[in-house]
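In: based on what follows, work out the 3D shape:
(one chain, ligands or ions: 1)
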Amino acid sequence: MKVRVGFLGPLGTYTHQAAHEYFQDSVIYNERKTIAETLESLETLDYAVVPRENSIFGSVIETFDGLKVLKRGSIQDEVVLKIQHCLVVKKGARLSDIDCVISHEQALGQCQKFLAERLPSATTTGMISTAAAAQKVSKSQTLNVAAICSEICVTTFENLEILVRGIQDQNSNYTRFFVLGRNPDINPSFTHALLRVTPQRGCTDSDTTFDLTELLKTIDLSVIHIDRRPAPVSEPFLDTYFLEVVSSSKKASEWPEQLSQSISRVRGKGYLVEIIGRW
Ligand SMILES: O=C(O)C(=O)Cc1ccccc1
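Out: Residues are numbered from 1 along each chain as shown. Below you'll find the predicted structure:
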């Protein structure tokens, strides 16, 4: 059977482009409506691709909220895509017609300067993806709504045209995507891992305060990124930490063992720890 890959849809999203860059034409692509549903698709599909972070606007919150409750699969690789946003309108609309701009929160966040300078009175509305925004503009009966999306959307959906190209706040704009596998193909010489760490009540020395420095000392690996989201428990202000760790180049052969020892040490202090990615 052909390999099936879930992605944040519809066709025309940046996630679809990242998935295509990775898997090319060798697989069947299955769109999902949200990032949460894309991660859940690993219950039935072989792979899933989700955006992880952007160089202008930072981490993608929905992805980390989905990773908090990930039940099946793990991250096996990453893809980096250069992002060039366009202001896309219904054919015939001019900039002066636009009073509402719709897109994924990430795209709106990456184009704040353009919106403040060129469309200061327009309202903005978050959508589940950039291509979902383009699709909505394509179906709109009026000329007053614009989407921020990739230029591909103009050929994917009808009656659209590009009004302005390259509207992101910096020309250098990249998004990093995670590729997850249901039964991941882990590269034996992996150099990155993503740890999901949730402190449990009572696992900190002072009982009430969680001490991040203490956790990092216990981990004792090179941590290159930290993301934090509220933990999926009823306890208020208890957070789940996502720590991206990398092997130190000097002792590459000892790295898998170092990683498992680090995890045992952290578990020994009472934290819930899982490796949710190796690449
Ligand atoms: O909405 C999309 O097209 C996505 O794939 C999410 C996203 C949005 C903006 C930049 C990178 C990824």
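In: just checking, Asp77 touches Tyr22?
Out: Yes: counting by C-beta atoms under 8 Å, Asp77 touches Tyr22, with 7.2 Å between them. C-beta: built from backbone N, CA, C; applies to glycine.
In: what is in contact with these two at once?
Out: Residues touching both Asp77 and Tyr22 (C-beta atoms under 8 Å, 6 or more residues apart in numbering) are Val179.
In: more neighbours: which of the two?
Out: Taking neighbours as other C-beta atoms under 10 Å, Asp77 and Tyr22 compare with Asp77 leading, 21 against 18.
In: separation between that one and Asp185?
Out: For Asp77, the distance to Asp185 (C-beta to C-beta, to the nearest Å) stands at 9 Å.
In: kindly report the residues of the chain close to the ligand.
Out: Proximity of the chain to the ligand, by C-beta under 6 Å from any ligand atom, involves residues 8, 13-15, 51, 54, 83, 104, 106-107, 129-131, 175.
In: pretty sure Gln76 is touching Leu180, no?
Out: Yes: the criterion here is C-beta under 8 Å, and Gln76 meets it with Leu180 at 6.6 Å.
In: what sits in contact with each of those two?
Out: When contacts are counted by C-beta under 8 Å, 6+ apart, Gln76 and Leu180 are jointly contacted by Gly277.
In: so between the two, which is more surrounded?
Out: Taking neighbours as other C-beta under 10 Å, Gln76 and Leu180 compare with Leu180 leading, 28 against 19.
In: so what pLDDT did the more buried one get?
Out: With respect to pLDDT, Leu180 scores 98.
In: for it, helix, strand, or coil?
Out: Put simply, Leu180 is strand when judged by DSSP: H, G, I helix; E, B strand; the rest coil.
In: one more: Asn183?
Out: Asn183 ends up coil, using three-state DSSP.
In: just so I have it, where are all the helices in this structure?
Out: 14-23, 35-40, 61-68, 105-110, 112-118, 130-139, 153-156, 212-219, 255-268 (DSSP state H).
In: turn these into JSON lines, including mean pLDDT.
Out: Formatted as JSON lines, the helices of the chain follow (pLDDT from 0 to 100):
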{"stretch": "helix 14-23", "mean pLDDT": "98"}
{"stretch": "helix 35-40", "mean pLDDT": "98"}
{"stretch": "helix 61-68", "mean pLDDT": "97"}
{"stretch": "helix 105-110", "mean pLDDT": "97"}
{"stretch": "helix 112-118", "mean pLDDT": "98"}
{"stretch": "helix 130-139", "mean pLDDT": "98"}
{"stretch": "helix 153-156", "mean pLDDT": "98"}
{"stretch": "helix 212-219", "mean pLDDT": "94"}
{"stretch": "helix 255-268", "mean pLDDT": "95"}
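In: any idea which of those gets closest to Asp99?
Out: Closest to Asp99 of the helices of the chain is helix 112-118 (C-beta to C-beta; 12.1 Å).
In: so which bits of that closest one are buried?
Out: By neighbour count on 16 or more other C-beta atoms under 10 Å, the buried set for helix 112-118 is Phe114, Leu115.
In: coming back round to it: for the helices of the chain, which one sits closest to Val164?
Out: Nearest to Val164, of all the helices of the chain, is helix 112-118, at 7.4 Å by C-beta to C-beta.
In: quick one: low-confidence residue ranges for the chain.
Out: 201-209, 249 (pLDDT under 70).
In: got the domain boundaries for it?
Out: The chain breaks down by automatic domain parsing into domains covering 4-82+174-181, 86-165, 192-278.
In: kindly check the end-to-end length of the second one for me.
Out: According to C-alpha to C-alpha, to the nearest Å, domain 86-165 extends 4 Å from its N-terminal end residue to its C-terminal end residue.
In: swap in the last one?
Out: Between the opening and closing residues of domain 192-278 we find a distance of 6 Å, counting by C-alpha to C-alpha.
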